[in-house]
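> I would like to see how this sequence folds:
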Amino acid sequence: MNALNKLLLYLVLPVVLLLGAAVATGYHWVTRPLVLPAEKVDLLVPAGATPTVIARVMNQAGLDVNATAFVLLARATELDKKLKAGGYQVSRGDSIWRVLQRIALGEVTSRQVTIVEGWTLKQVRAVIFSNPDIKKTEPIWTDKDIPRLIEGGTALKSYPPEGLLFPDTYIFSIGTSDTEILERAARTQQKILDKVWQSRQDGLPLRSPYEALILGSIIEKETGKSSDRARIAGVFINRLRLNMPLQTDPTVIYGLGDAYTGRLRKVDLQTDTPWNTYTRNGLPPTPIASVGLASLQAAVQPEKHDYLYFVAKGDGTSAFAKSLPEHNRNVAQYILGRKP
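Next up is the predicted model:
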């Protein structure tokens, strides 16, 4: 019996020691911090990704991960059945176990992109294209493609694309497509525009929500101080009622496009384009920029007054006038620098 016990001890002990060493090695591999090529590393897990695919994604991102061991870990813990697509971030100190848990729990990393009030579509497109966390649609889209890209999101798709994207900060996960962000911005614009239009004053010379959007874009570009919005809106409404040209410089600048040099000249005011509100009466054919909520509200709830003119005073505010002689005095004082 003594000899048998010794024999079993000699046979079993090495196995137990080997198993213990394997467990210890495995535990160390699972829990030790990963070596990262940078402070933070972003991973984009595609839909339907298997543990093998995710291991490949991690290695391509610069993480030294044993693919076979990662697959075995995912299967042994049954987390391979819970893996979720999306953008994830690995930080210094993270272990392979923590990364696997994060992907299984769907703890996607948030990013944000901001569309600023008063930006043109050209500026919006530039900020989306320059964001490395947004997945770009191929082929690269242009302005004329936007109605097609936002088809699932809004009735505004039937209009020209300028002004259809609501200016706001949009939170998204890494790898979100540019199309999804465009649709969210368009749906937000549609929702807000519909709500604002329902609150409009009676008797406005605006025939549709889209015309309110056009006027709102002009107010957005003309307003230096928020408290002036409703009053500036009232000037434009008064002019529309009287069939006076709106004579607003931002529409002329928009119509000039790349020909605008940074300084508006007299010849520019006399050069006819669809957006030149000096040469044409009424609203221009499209918005000239993205429109914030405050400017939209001012367009449908303008201040009621008799002003027909305004001029920038140089401090962000405007001087308003009811007659042309009064306006000319304001121009002399605030633009030409003459003392009243």
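
> now do the helices in the stretch 1-150 of the chain.
2-31, 51-60, 67-76, 96-105, 121-129, 146-149 (DSSP state H, counting those that start in this stretch).

> name the helices or strands packed onto the second one?
So the one you mean is helix 51-60. strand 40-45, helix 67-76 (3 or more CB pairs under 8 Å, 6 or more residues apart in numbering; DSSP states H and E). For every residue, glycine as well, the C-beta is placed using N, CA and C.

> quick one: it to strand 40-45, angle?
Put simply, helix 51-60 runs at 150 degrees to strand 40-45, going by axes from the mean of the first three to the mean of the last three CA atoms, to 10 degrees.

> may I see the buried residues of helix 51-60?
51, 54-55, 57-58 (16 or more other CB atoms under 10 Å).

> mind checking pLDDT for the residue lying closest to residue 144 once chain neighbours are set aside?
Leaving aside its chain neighbours, residue 144 sits nearest to residue 161 (7.2 Å; criterion: CB to CB, 6 or more residues apart in numbering). What the model reports as pLDDT for residue 161 is 86.

> what's the neighbour count on residue 161?
For residue 161, the number of neighbouring residues by other CB atoms under 10 Å comes to 24.

> low-confidence ranges, the chain, go.
Residues of the chain that meet the criterion pLDDT under 70 lie in 1-29, 151-157, 339-340.

> any idea how it splits into domains?
32-105, 110-195, 201-334 (automatic domain parsing).

> ends of the longest one, what's the gap?
Which is domain 201-334. One end of domain 201-334 to the other measures 33 Å (CA to CA, to the nearest Å).

> which residues does residue 57 contact?
Going by CB atoms under 8 Å, 6 or more residues apart in numbering, residue 57 touches 43-46, 49.

> show me where the chain has its strands.
Ranges of strands in the chain, per DSSP state E, are 40-45, 86-91, 110-114, 169-173, 309-312, 318-321.

> a markdown table for those strands, including distance to residue 278 and mean neighbour count?
Output for these, formatted as a markdown table (distance: least, CB to CB, whole Å; neighbours: other CB atoms under 10 Å):
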| stretch | distance to residue 278 | mean neighbour count |
| --- | --- | --- |
| strand 40-45 | 50 | 18 |
| strand 86-91 | 49 | 20 |
| strand 110-114 | 33 | 14 |
| strand 169-173 | 36 | 16 |
| strand 309-312 | 14 | 20 |
| strand 318-321 | 18 | 21 |
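
> TSV for those, including distance to residue 267?
Output for those, formatted as TSV (distance: least, CB to CB, whole Å):
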stretch	distance to residue 267
strand 40-45	51
strand 86-91	51
strand 110-114	36
strand 169-173	40
strand 309-312	21
strand 318-321	25
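
> out of the ones you listed, which is closest to residue 130?
Closest of these to residue 130 is strand 110-114, at 9.7 Å (criterion: CB to CB).

> and the closest one, which strands flank it?
Paired neighbours of strand 110-114 in the sheet (DSSP bridges): strand 169-173 (antiparallel).
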